[in-house]
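> Sequence plus predicted model, see below.
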Amino acid sequence: PATKPATPTPALTTPVIPLPAKVEARSGQFVLGADTVLVVTGANPDAERIARDFAGRVQLARGFQPELGKAGKGAVTFSLDPKAALASDEAYTLDITDQGATIAARAPAGLFYGAVTLWQLATADGGKGEARIAAQRIEDAPRFVWRGLMLDVARHFRSVDEVKALLDQMALHKLNTFHWHLTDDQGWRIQIRQYPKLTQVGGCRIPAGAAGRDANGKPQPYCAFYTQDEIRDVVQYAAQRYITVEPERDRPGHAQAAIAAYPQLGVTGKAPPVSPDWGVHTWLFNVDDGTFTFLENVLGEMMELFPSRYIHLGGDEAAKDQWQKSAAVQAKLRELNLKDDMQLQSWFMGRLGRFIESKGRRLIGWDEILEGGPPADATVMSWRGTQGAIEAARAGHDVVLSPAPELYFDHIQSDAADETPGRLDVISLKDIYAYQLIPAQLSAEQTKHVLGAQGNLWTEHMRTNDRVQRALFPRAAALAENTWTPAPRHDWNDFLQRMPADMARYRTTGFHAADSAFAVRFAAQPAADGRGTVTLSNQTGFGHIRYTTDGCEPPPESDAYTQPQAGPLPATIKANAFADGKALATTRSFAVDAKNLRARGSHALRSCKKGLALRMEDDAPANGKPDGDRAILLADVFDPCWVYDGAELDGIGTMEVRVGQLPHNFQLWKDARLVVTRPATVPGGALEVRLDGCEGKPVATLPLAPARHSDGLSTLQATLPALSGRHDLCFTFA
Ligand code: ACM
């Protein structure tokens, strides 16, 4: 072999997410090591904090901490110059030579982003100790000013520390807007000094189903809220990471928790419970002056806490049934000379919009604010697809795109057996990456109204922080690139090359990102002579799949999977995908035996109709602990009916079904008429199995009575009549 260079020169890649706008290769490399000095030019406390923050992150990832000091060879210079010729406060340049690295920006946000880019370059190899970074010049600025994530803490609450960990991860991907959904039918989560019952009463609900009661049937309330001090702490923490916190206080709908606390705010005067249900509720605020005083007082306290330019007033899904039935509300409508309920909602939002504008803030709301004419300078958040964005931009309103389902992060991200709960259909990493943010219908002029985009995480099905983290990342990394990097530089395959380093950084920072895009999935089929065939794949097709059958973790040099092969039973296959010798996911394991070859989880069955399919949790903890694991089951809540396509029934005489219990806690408003129920044929109901269609006489009826009181999954068994050949099996509950 030829002589080896003394120190390997790193390949020039830009292992940075989001990909910078412009990168130019230079010759040489910079070594960031324990003796590297961090130099801050000018005595700016923000710049010093950014440099210290960078040092702390280097310590975390590489195990050494550069010190702040005076200029010298091999320094990293943080240069803040308000006169620097850069496109925006978020823009920066990063020059890396073999003499050192210089980050330059005109404002602290840009300096922070330059430091994040340098940290990503320094952590690309996933190693410890000094980092070698190829010489290059980066010129970077964001595509959009609004690069956001929304977190719903009403359905499931997240602690201050959990929110901070999320803000950290956002900042490391240059996301700059945290939309905090603080109030909803299921909980009021922000302390308001003038109205203590909002949190005392509105902050607690009794969860539906077994999860809401202890063994003696005593209610187990779910209670949580943030004090104003905690809110201030989070807002400041976010600001130091150049993230604006946009608070949302939803109205006139999604108001049930507030009305539970103060029934006089409602239309009927009655006090509902804080809702244990998901879906669209019908409790609305009334339109009395006293209610506006309340709403303005609440907004007043919120504006003291949140310095954001925008205040989100909600406005979505306000079912108008209560307004229509109320003589007082209808009298007000006539008094105001309005023609319908949508105009009344528009008047309602406009009145609050004028209030917040009188305090120097701007209104943003869900796209329903377009119906009935929104306040002239309202900004519209388009969630019912993109039609709201198109109409709003055409009418001259600024818009933020957060369309369902494309940017709804509560959708599951793969169809794998171990996917966490959430809504269907699948919204994959690639779907988020490839989503075209600018509606094609907009002219160049109208496009200027697009401020950016955000991913929304509703948390009905996100009971734990682990689920929240997995639902958000790495899909939010794809959103970050979509919203930061200029569109001509978007390149899915290049993004995938940068993902192993991104996945390693989550591990370094203790964040539980989902590996759904890379994890190995198994599909099994019976084969001749009592053998089984297992097919291995992963969602993106990225990396090389390797496996073992001896029970060991597959090392990077284990057998490479090429194609399905029949093998003897039983066997345990452990598999993972690798790129550059690094595992891309956690190892998945599959025990293949005669039973498992034929077993199908609810995720692998076909829903009879396309209604409202969800992956949901059994409501009873499998191990008796409230926070313990629970079975996850996929069902269509309009019509729970599944088909096992083409089951091979030769020689099959019995059937075993494992069932769990899901509370049917859905308020479906007008969609309630879509719910299919089937009358019981045996006391306590049964699971019915039919052949080749869902009508006619069942081939098996499995009574549910034995499953009623179990916690977790129960196993039901049935004897089948003599059957042969391949048939579709239809499962319904009667
Ligand atoms: C929404 O998803 N109701 C904004």
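Nice, I can see it. Numbers count the residues shown, from 1 in each chain.
> What is the least confident helix or strand in the chain by mean pLDDT packed up against?
The helix or strand of the chain with the lowest confidence, counting by mean pLDDT, DSSP states H and E, is strand 559-560 at a mean of 86. Where contact means 3 or more C-beta pairs under 8 Å, 6 or more residues apart in numbering; DSSP states H and E, strand 559-560 is packed against strand 544-548. Placement of C-beta: from N, CA and C, glycine included.
> counting contacts, what elements does the strand it packs on pack onto?
Checking 3+ C-beta pairs under 8 Å, 6+ apart, strand 544-548 ends up next to strand 532-537, strand 559-560, strand 571-579.
> just so I know, which of those strands lies nearest residue 469?
strand 571-579 (20.6 Å; C-beta to C-beta).
> so which of the helices and strands packed on strand 544-548 is the most packed in?
strand 571-579 (a mean of 21; mean count of other C-beta atoms under 10 Å).
> Please look at residue 219 and residue 206 and confirm they touch.
Yes. Counting by C-beta atoms under 8 Å, residue 206 is a contact partner of residue 219 at 4.5 Å.
> Compare those two and say which is more crowded by neighbours.
residue 206 (15 against 12; other C-beta atoms under 10 Å).
> now that one: how far from residue 155?
According to C-beta to C-beta, to the nearest Å, residue 206 and residue 155 sit 14 Å apart.
> With residue 208 instead?
Taking C-beta to C-beta, one finds residue 208 at 12 Å from residue 155.
> quick one, which of the two is more surrounded?
Legend: neighbour count by other C-beta under 10 Å for residue 208 and residue 155, higher for residue 155 (21 against 17).
> ok, that one - contacts?
184, 186, 187, 278, 458, 459, 460, 462 (C-beta atoms under 8 Å, 6 or more residues apart in numbering).
> Show me which of those is closest to residue 76.
Using C-beta to C-beta, those come closest to residue 76 at residue 462, 38.4 Å.
> Could I get the contacting residues of that closest one?
Residue 462 sits in contact with 155, 156, 410, 420, 421, 422, 468, 471, where contact means C-beta under 8 Å, 6+ apart.
> Skipping its backbone neighbours, what lies nearest it in space?
residue 468 (5.0 Å; C-beta to C-beta, 6 or more residues apart in numbering).
> quick one: that neighbour is in a strand?
No. Counting by DSSP: H, G, I helix; E, B strand; the rest coil, residue 468 falls outside a strand, being helix.
> That one: neighbouring residues, count only.
Close neighbours of residue 468, defined as other C-beta under 10 Å, add up to 26.
> for the ligand, what are the nearby residues on the stretch 351-500 of the chain?
366, 383, 404 (C-beta under 6 Å from any ligand atom).
> again with the stretch 201-350 of the chain
Residues of the stretch 201-350 of the chain lying near the ligand (C-beta under 6 Å from any ligand atom): 316, 317.
> in the stretch 201-350 of the chain, which spans are strands?
For the stretch 201-350 of the chain, applying DSSP state E, counting those that start in this stretch gives strands covering 204-205, 222-223, 244-251, 278-279, 310-314.
> Quick one: closest of those strands to residue 52.
Nearest of the strands of the stretch 201-350 of the chain to residue 52, taken as C-beta to C-beta: strand 244-251 at 22.2 Å.
> measure residue 310 to the ligand for me?
Using C-beta to the nearest ligand atom, to the nearest Å, residue 310 is found at 16 Å from the ligand.
> cool, residue 146 as well?
Taking C-beta to the nearest ligand atom, one finds residue 146 at 16 Å from the ligand.
> What's the local residue count around that residue?
Neighbour tally, residue 146, other C-beta under 10 Å: 26.
> tell me the pLDDT at it?
Per-residue pLDDT puts residue 146 at 98.
> beta partners of it?
residue 452 (DSSP bridges).
> Numbering from 541 from now on, please.
Taking 541 as the first residue, the last one we looked at is residue 686.
> Would you mind confirming that it is in contact with residue 991?
Yes. Using C-beta under 8 Å, residue 686 makes contact with residue 991 at a distance of 4.1 Å.
> got the residue ranges for the helices in the stretch 541-690 of the chain?
According to DSSP state H, counting those that start in this stretch, the stretch 541-690 of the chain carries its helices in the segments 585-602, 648-662.
> before we move on, what about the stretch 791-940 of the chain?
Using DSSP H, counting those that start in this stretch, helices in the stretch 791-940 of the chain cover 796-801, 829-845, 861-865, 867-875, 881-898, 927-934.
> And the stretch 1041-1190 of the chain, by the same measure?
Taking DSSP H, counting those that start in this stretch as the criterion, the stretch 1041-1190 of the chain carries its helices at 1134-1138.
> Run through it and note the low-pLDDT ranges.
Per-residue confidence for the stretch 1041-1190 of the chain (pLDDT under 70) gives these ranges: 1161-1168.
> ok and the residue in it nearest the ligand?
Relative to the ligand, the nearest point of the stretch 1041-1190 of the chain is residue 1152 (13.8 Å; C-beta to the nearest ligand atom).
> re the thing from before, can you list residues touching both of residue 686 and residue 991?
Common neighbours of residue 686 and residue 991 (criterion: C-beta under 8 Å, 6+ apart): residue 940.
> Okay, now the unreliable bits of this structure?
541-553, 1161-1168, 1249-1250.
> shared neighbours, residue 759 and residue 746?
752, 753.
> which one among the contacts of residue 695 gets closest to the ligand?
residue 998 (6.4 Å).
> hang on, isn't the residue nearest to residue 1002 packed against residue 698?
Yes. Counting by C-beta under 8 Å, residue 698 is a contact partner of residue 1008 at 6.3 Å.
> what do these two both touch?
Joint contacts of residue 1008 and residue 698 (C-beta under 8 Å, 6+ apart) are 691, 706.
> so where do the strands sit in the stretch 1091-1240 of the chain?
With DSSP E, counting those that start in this stretch as the criterion, the stretch 1091-1240 of the chain has strands spanning 1099-1100, 1105-1107, 1111-1119, 1122-1123, 1128-1132, 1146-1147, 1153-1157, 1172-1176, 1181-1188, 1194-1199, 1206-1207, 1226-1231, 1240-1243.
> who wins for proximity to residue 616 among the ones you listed?
strand 1122-1123 (26.7 Å).
> Identify the neighbouring strands of the closest one in the sheet and state each direction.
strand 1111-1119 (antiparallel).
> Just want the angle from the strand it pairs with to strand 1084-1088.
Here the directions of strand 1111-1119 and strand 1084-1088 differ by 150 degrees (axes from the mean of the first three to the mean of the last three C-alpha atoms, to 10 degrees).
> now strand 1111-1119 against strand 1072-1077, angle please.
Using the same axes, to 10 degrees: strand 1111-1119 against strand 1072-1077 is 20 degrees.
> what about residue 767, how many neighbours?
Neighbour count for residue 767, taken as other C-beta under 10 Å: 12.
> And for residue 911?
If you count neighbours by other C-beta under 10 Å, residue 911 ends up with 16.
> Residue 736 now?
Residues near residue 736, counting by other C-beta under 10 Å, number 11.
> Can you tell me how far it is from residue 802?
Distance from residue 736 to residue 802, by C-beta to C-beta: 11 Å.
> Just list the residues touching the residue nearest to residue 622 when sequence neighbours are not counted, thanks.
Nearest non-adjacent residue to residue 622, counting by C-beta to C-beta, 6+ apart: residue 646, 5.5 Å away. Neighbour list for residue 646: 620, 621, 622, 623, 624, 626, 629, 631 [criterion: C-beta under 8 Å, 6+ apart].
> among those residues, which are in strands?
Among these, the residues falling in strands (DSSP state E) are residue 620.
> Could I have the buried ones of the contacts of residue 646 as ChimeraX selection syntax?
Command for ChimeraX that selects the buried part of those, burial taken from 16 or more other C-beta atoms under 10 Å:
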select :620,626,629,631
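> what's the burial count for residue 694?
27.
> same check, this time on residue 994
Neighbours around residue 994, by other C-beta under 10 Å: 26.
> sorry, back to before: need the winner for burial among the helices of the stretch 791-940 of the chain.
Greatest burial across these, using mean count of other C-beta under 10 Å, falls to helix 796-801, with a mean of 26.
> Can you show me the CA trace of that one as PDB?
Only the C-alpha atoms of helix 796-801 are listed here, as PDB (Å, rounded to 0.1, in the frame of the first residue of the first chain):
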ATOM      1  CA  GLN A 796     -65.300  23.300  28.100                       C
ATOM      2  CA  ALA A 797     -62.600  23.400  30.800                       C
ATOM      3  CA  ALA A 798     -63.100  27.200  31.200                       C
ATOM      4  CA  ILE A 799     -66.800  26.800  31.400                       C
ATOM      5  CA  ALA A 800     -66.500  23.900  33.900                       C
ATOM      6  CA  ALA A 801     -64.600  26.400  36.100                       C
END
